[in-house]
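J.: Whatever this is, show me its structure:
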Amino acid sequence: MNQDKWFTEWQTYRNSWIPKIVIGDTRKIIPLLPDNYIDCVLTSPPYWMQRDYDHPQQIGRESTVEEYVHEIVKIFEMIKPKLKKTATIFLNIGYKYYNEELLLIPEMIAIEMSRSGYMLKNKVIWYKPNAVPTSSRNRLNNTYEPVLVFIKKESKEFYYFNLEEIGEEPKTLHDYLSKINTIKPEDYLGLRVIDSLRYRETRKGIVVGVKYHGKKVYEALVKWNDGELEYLSIGDLIDEYPEEILYKCPYCGTSLNNWDIVLSIANYKKLVCSYCGGIYPCGVFPQPIIAKNREEVLLNEIVVQEAEEKKYLTKIPRSSKYMTAKTIVSSSPVGRLALAGEYLVVKRRWRIPQPLVAFYLRYWRDQRGVSIKEIDRFFNYRNTSAHWFRYDFGEWGRGGSIPRPNDWIKLKQLLRFDDTYDTLITEVVLVLSTVKPKKIKNPGDVWCIKLEQYPEAHFSIFPRELVEKCIKLGCPPKGIVLDPFGGSGTVGEVALKLKRRAILIELKKEYLDLIKKRCRVVDIYPREIY
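T.: Below is the predicted model:
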């Protein structure tokens, strides 16, 4: 096999990918990796003056801590062009006492990494409840290590960081469910409705009717302030809107999620299937897989001529200290609830990545030869339509936007595009604006994970729980995780389990048998590189 292709040709095992192992000096192996290739780096280099591996090219035995920091940062400078734009780095580095002084080695590395074009996003505290006791009597026992989380500075607006993969269920969720379960269909009558999505001017209305089955309300009849009556679907009180949706790859039929599509456009500026690697030709787009909205049931209906406006639907507690205020002066959710009350807002039902919409519209605008100025004139807008064609990857936005549903329908008349994304852009749903707990709670930056021993290793290994958490958080499914200090092979073992691809680089060939045993199957580079 061509050794250059070895890094990009993957063998499979039980619906996952066999970890790749390279034995040698990581500083000589990293340059062999393809550019713009790695999704995640997860590693724990040898700590300074912690252990002697009896190898002339080992890292960790430098004469000064400054030299050690320089070597670690130099390796990440070499890794940088190999990273995708959206890559995330997890670097586990412990503290060290030297001549009775605590050396802030992780912080020293973080500062130098910043100077090398990286940005520190988090310092995770890995608390070790079974930490080895110290024999020292003049200082406290060290029971934690940092895991430094870096990204490229140029990628600060968008990178892979999927909190939903490691999130926890909030304690308040059960209480919220108990409160909404008491709501009856007639309770919706009189509830206020606000539509700031479909039109340039905000519309306001009130609920004067509902369609329901049992306790579940499916639609609300809204009487707008201009007298128009309109039935709109009501979203489930526990679901998040817009809803996530999957897309089908036209080549392999694999289901792709929003992350797959946005990562593709961000890293390659084109649509590439993250599973089969197929590059979509011009004019071919992933097809949305839209589930059936609701089961077929016979709906009952309540309609009234007039309804008395009501401020609340649920019995969620609201802060009494804000009840007499005339304006919203608090960022507290319960404070805002007390002042603004509860109401229904019109939202998109489906979540579609803005970069995909821009990619799609760019294609059709090029096909029709229509300029941005012509589109603005068509809508009688000023400097508005350009935002529809601008890629926006950041959480806070860079000026890109998705056309309003009504603008989409009108834009279709001008650009004559197909129906691929019509439903995703135009279908709306009424969502209750209230204090609602998220289904997933951010787990925070202190992780309690026990040290892990492996019978055949004479040292504590990288805990599988820690590695699993980092990979789920920072490496997309089917993505590539690199460990430039492979050690006992934990990253390879966990990546195989989680259906990620792993490349491990290990200096000492004596560890190869241990890595093989832990990973079960490995693909070894044809030669050692020192």
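
J.: Look up phi and psi at the residue nearest in space to the middle of the chain.
T.: For the chain, the residue nearest the mean C-alpha position is residue 162 (2.9 Å; C-alpha atoms, centre = their mean). Main-chain dihedrals, residue 162, degrees, to the nearest 10: phi -100, psi 90.

J.: Give the helix, strand or coil label for the spatially closest residue to it that is not a sequence neighbour.
T.: For residue 162, ignoring the flanking residues on the chain, the nearest one in space by C-beta to C-beta, 6 or more residues apart in numbering is residue 473 at 6.2 Å. Backbone N, C-alpha and C define where each C-beta goes, glycine included. Put simply, residue 473 is helix when judged by DSSP: H, G, I helix; E, B strand; the rest coil.

J.: what do you get for residue 69?
T.: Quick answer, by three-state DSSP: residue 69 is helix.

J.: Now the closest residue to it other than its chain neighbours: which helix or strand?
T.: Distances taken as C-beta to C-beta, 6+ apart place residue 108 nearest to residue 69, at 4.9 Å, with adjacent residues excluded. Under the criterion of DSSP states H and E, residue 108 resides in helix 105-115.

J.: Now stretch 308-317: average pLDDT?
T.: Taken as a whole, stretch 308-317 has a mean pLDDT of 82.

J.: Centre of the chain to that stretch, how far?
T.: 34 Å (C-alpha atoms, centre = their mean, to the nearest Å).

J.: now stretch 300-317
T.: Distance, centroid of stretch 300-317 to centroid of chain: 37 Å (C-alpha atoms, centre = their mean).

J.: isn't residue 105 right next to residue 65, touching?
T.: Yes - using C-beta atoms under 8 Å, residue 105 is in contact with residue 65, at 6.3 Å.

J.: So for the two, which residues contact both of them?
T.: 48, 96 (C-beta atoms under 8 Å, 6 or more residues apart in numbering).

J.: who's in contact with the helix holding residue 108?
T.: Under C-beta under 8 Å, 6+ apart, the answer for helix 105-115 is 47-48, 65-66, 68-70, 72-73, 76, 91, 93-96, 120, 123, 146, 148, 150.

J.: swap in stretch 123-142?
T.: Residues contacting stretch 123-142 (C-beta under 8 Å, 6+ apart): 90, 92, 94-95, 97, 100, 102, 106, 110, 143-149, 445-451, 466.

J.: Filter the residues you listed down to the buried ones and hand me the ChimeraX line.
T.: The ChimeraX command for the buried members of these (criterion: 16 or more other C-beta atoms under 10 Å) is given here:
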select :90,92,94,95,106,110,144,145,146,147,148,149,447,449,466
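
J.: Please flag which of the contacts of stretch 123-142 sit within helices.
T.: 106, 110, 466 (DSSP state H).

J.: Would you convert those residues into TSV that also reports pLDDT?
T.: Below are the ones in helices among the contacts of stretch 123-142 laid out as TSV (pLDDT from 0 to 100):
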residue	pLDDT
106	98
110	98
466	98
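
J.: just the residues you listed now: which is nearest residue 298?
T.: Closest approach between these and residue 298, by C-beta to C-beta: residue 466, at 52.7 Å.

J.: how about the nearest residue to that closest one, chain neighbours excluded?
T.: residue 449 (4.9 Å).

J.: Over to residue 393?
T.: Residue 393 sits nearest to residue 158 (C-beta to C-beta, 6+ apart), 3.3 Å away.

J.: Help me confirm that the one you found comes into contact with residue 400.
T.: No - using C-beta under 8 Å, residue 158 is not in contact with residue 400; the gap is 11.4 Å.

J.: Distance of residue 479 relative to residue 245?
T.: 21 Å (C-beta to C-beta, to the nearest Å).

J.: which stretches of the stretch 1-150 of the chain aren't confidently modelled?
T.: 1-3 (pLDDT under 70).

J.: can you give me the helices in it?
T.: 3-6, 26-29, 65-79, 105-115 (DSSP state H, counting those that start in this stretch).

J.: and the longest one, which residues are buried?
T.: It stands for helix 65-79. Here helix 65-79 shows 65, 68, 69, 72, 73, 75, 76, 78, 79 as buried, counting by 16+ other C-beta under 10 Å.

J.: For it, which helices and strands make contact with it?
T.: helix 26-29, strand 38-43, helix 105-115 (3 or more C-beta pairs under 8 Å, 6 or more residues apart in numbering; DSSP states H and E).

J.: between the ones you listed, which one is nearest to residue 4?
T.: helix 26-29 (12.9 Å).

J.: how is this structure carved up into domains?
T.: Per automatic domain parsing, the structural domains of the chain span 15-165+443-524, 173-240+293-348, 353-420.
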